[in-house]
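A.B. asks: predicted model, plus sequence, below.
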Amino acid sequence: VQLVESGGGLVQPGGSLRLSCVTSGFTFSSYAMTWYRQAPGKERELVASISSVAASTNYADSVKGRFTISRDNVENTVYLQMNSLKTEDTAVYYCNARRVYRNNDISSYWGQGTQVTVSS
């Protein structure tokens, strides 16, 4: 199983970035996908999630209206479009794949993270 994030970098406040998480080794279309982030000295927090068939999305209040999560079940990739970036968006961003089976077993996989730094 692999989840490989990319697209992070240094951007000025007000700028945009698009993160990608390319996956392999599991049935991507059966997994909900979530972007998390962790800033220095802070706990990891949920940023945005999308259901397995993209029927529903969920966002942290702090990113609503600025970030958009999407997925491509052919390319086995999840994206996070980040607009109007703020300094407080600076963090390492991780993608997570999660599936809950009928017997309540859970499969969960993580990527290695990509650094996003918003600074002038």
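C.D. replies: Here it is on my side, so go on. Because the structure is predicted, anything quoted here is derived from the model rather than measured.

A.B. asks: which strands or helices does the lengthiest strand in the chain pack on?
C.D. replies: Identified as the longest strand of the chain according to DSSP state E is strand 91-100. Where contact means 3 or more C-beta pairs under 8 Å, 6 or more residues apart in numbering; DSSP states H and E, strand 91-100 is packed against strand 2-6, strand 17-24, strand 32-38, strand 106-110, strand 114-118. Where C-beta positions appear, they are placed from N, C-alpha and C, glycine not excepted.

A.B. asks: tell me which of those sits most buried.
C.D. replies: strand 32-38 (a mean of 22; mean count of other C-beta atoms under 10 Å).

A.B. asks: picking that back up, partner strands of the longest strand of the chain and their direction?
C.D. replies: If you go by DSSP bridges, strand 91-100 pairs up with strand 32-38 (antiparallel), strand 106-110 (antiparallel), strand 114-118 (antiparallel).

A.B. asks: just give the closest residue to the residue most central in space within the chain, not the sequence neighbours.
C.D. replies: With distances taken as C-alpha atoms, centre = their mean, Trp35 lies nearest the centre of the chain, 2.2 Å away. Take Trp35 and drop its neighbours on the chain: the residue closest to it by C-beta to C-beta, 6 or more residues apart in numbering is Val47, 4.4 Å away.

A.B. asks: pretty sure that neighbour sits against Phe67.
C.D. replies: Yes - when contacts are counted by C-beta atoms under 8 Å, Val47 is listed as touching Phe67 (6.6 Å).

A.B. asks: find the residues that touch each one of these two.
C.D. replies: Residues touching both Val47 and Phe67 (C-beta atoms under 8 Å, 6 or more residues apart in numbering): Tyr59, Leu80.

A.B. asks: for the residue of the chain positioned farthest from its centre, give me its contacts.
C.D. replies: Relative to the centre of the chain, the most outlying C-alpha is that of Asn103, 26.5 Å out, by C-alpha atoms, centre = their mean. Contacts for Asn103 (C-beta under 8 Å, 6+ apart) come out as none.
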